[in-house]
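[1] A predicted structure for the sequence below; I have some questions about it.
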Amino acid sequence: MENGRAEETGRAIVVQPVRRVRSGDLRDPDRQLEEAVGLAAAINLSVAFAEKARVDTARPGTFLGPGTLDRLADIVQEHEITLVVINAALSPIQQRNLERALGTKVIDRTGLILEIFGARARTHEGRLQVELAALTYQRSRLVRSWTHLERQRGGFGFMGGPGERQLEIDRRLTDERIGKLRRELEGVKRTRALHRRARKRVPYPVVALVGYTNAGKSTLFNRLAGAQVMARDLLFATLDPTMRRIRLPAGRQIILSDTVGFISELPTNLVAAFRATLEEVSEADVVVHVRDAANDDSASQKQDVDQVLADLGVSEDPPPVEALNKIDLLDAADRQVLAERAARNHDVVLISAVTGEGTADLLEAVERRLNAARVVRDFAVDLLDGAAIAWLYAHGDVLQRSDDDAHAHLTVSMDVADAARFLDRFTGVREVGGRTA
């Protein structure tokens, strides 16, 4: 990249298969095609053509019908297309046969997403996770290269040249590398668990931002935390999770976590590879679901995010706080509809991460959610019992303290579970009062 301009990686056709509408499928094919074009643009492909193709029944050999194949083959030859992107999951045989029929490289939705992740991963952990997902995916492909592991361009070889296409994966080397990556990621998982335990010893609850890719999570994170996380109008602009400590309106401090964006039909091997990172979400005290309120597919995107959260084992009780973002892009009528919904549900907040509108309301909603799981307790602790006093400071918010000759009288806001653990551990402490936070 020079002077802020990225070099084109090829000329592409993007094809969106359109099937008969299935019950419960909220997705608009035009929006799906637009998203696929955005994914292609995310790795600097020049999209020469983008079109929908009717696929009533996916053909076992080629996925697409002969008429569509003939039309695409003519376009490939006439316009020197180097890549065809099929926005669906292809079997290895379908991918191979399509490449033969079209005379050019073909990748499916999974390959495209992995290519983006390969180009975007910055940290050592991120690169390990993406490489594991890519190798797991590639292992099932009939013809692939091993040389992608040493390419400087980034990505994972799905768009390689003719020489690469002539090479086959050495399955033994691939399996050995997958095993090594899994062992390294197990180490990452243990390290993250240690970090989580260390954070729990400090009274800072974790609030995780989740949402569909390009919903505005990183922009919101920057707004709330005063950070400089990369935030662009681009799918998967950021991959590696970031954490910052911020202060809520009442003064309580929290750790805010920005996570990788979700997407429909997220490859399962990618979810598995990123599980160590995404476990931060399942361990969070509050989950904030950032939604693009200006997107016509907002409802279906919510379904996709909810599905990933369910796969991660994130409890729906209570449900995430919803931050309906990009309200600055809505007209007055649409804003009024959302405002009426937010008035009926205090866990729904209208915001604009760009202008800052509604962000104070969002922090108040987070604070209400945190306080709902807390109680205020009054304790009388022997002044000589330094361990008990230190435990209260470490696991709760000491709201008030006064000492007499023998005792420290502390008013502490803390989680219900922590209050019970404290009394169970320090049996000589007297509880002199309590109420909900």
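    Yep, that arrived.

[2] What is the subsequent helix or strand relative to the helix-or-strand element of the chain with minimal mean pLDDT?
    Between all helices and strands in the chain, the lowest mean by mean pLDDT, DSSP states H and E belongs to helix 162-165, at a mean of 44. Using DSSP states H and E, the helix or strand that follows helix 162-165 in sequence is helix 171-200.

[3] how far out from the middle of the chain is that next one?
    In terms of Cα atoms, centre = their mean, to the nearest Å, the centre of helix 171-200 is set 19 Å apart from its chain centre.

[4] which element follows it toward the C-terminus?
    Next helix or strand after helix 171-200 toward the C-terminus (DSSP H and E): strand 206-211.

[5] now that next one against helix 171-200, angle please.
    Interaxial angle, strand 206-211 versus helix 171-200 (axes from the mean of the first three to the mean of the last three Cα atoms, to 10 degrees): 130 degrees.

[6] what angle do the helix or strand following strand 206-211 and strand 206-211 make?
    Next along the chain after strand 206-211, taking DSSP H and E as the criterion, comes helix 217-225. Put simply, helix 217-225 runs at 150 degrees to strand 206-211, going by the same axes, to 10 degrees.

[7] buried ones in the helix or strand following helix 217-225?
    Once helix 217-225 ends, the next helix or strand along the chain (criterion: DSSP H and E) is strand 242-247. Using 16 or more other Cβ atoms under 10 Å as the test for burial, strand 242-247 gives 242-244, 246. C-betas here are computed from N, CA, C, even on glycine.

[8] With distance to Ala134 added, can I get those residues in a markdown table?
    What follows is these, written out as a markdown table (distance: Cβ to Cβ, whole Å):
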| residue | distance to Ala134 |
| --- | --- |
| Thr242 | 23 |
| Met243 | 26 |
| Arg244 | 30 |
| Ile246 | 35 |
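
[9] Give me the contacts around stretch 398-412.
    By Cβ atoms under 8 Å, 6 or more residues apart in numbering, the list of residues contacting stretch 398-412 from outside reads 376-383, 389, 392, 396-397, 413, 432.

[10] how far away is the residue lying closest to Asp285 once chain neighbours are set aside from Phe379?
    Residue nearest to Asp285 in three dimensions, not counting chain neighbours: Pro205, with 3.8 Å by Cβ to Cβ, 6 or more residues apart in numbering. The gap separating Pro205 from Phe379 is 21 Å, by Cβ to Cβ, to the nearest Å.

[11] What are the boundaries of the strands in the chain?
    Under the criterion DSSP state E, strands of the chain are mapped to 10-18, 45-54, 83-86, 105-108, 206-211, 242-247, 253-258, 286-292, 321-325, 348-350, 374-382, 397-403, 407-415, 430-436.

[12] can you give me how far the second one is from the chain middle?
    The reference is to strand 45-54. Worked out by Cα atoms, centre = their mean, strand 45-54 lies 26 Å from the chain centre.

[13] Nothing else from me, thank you.
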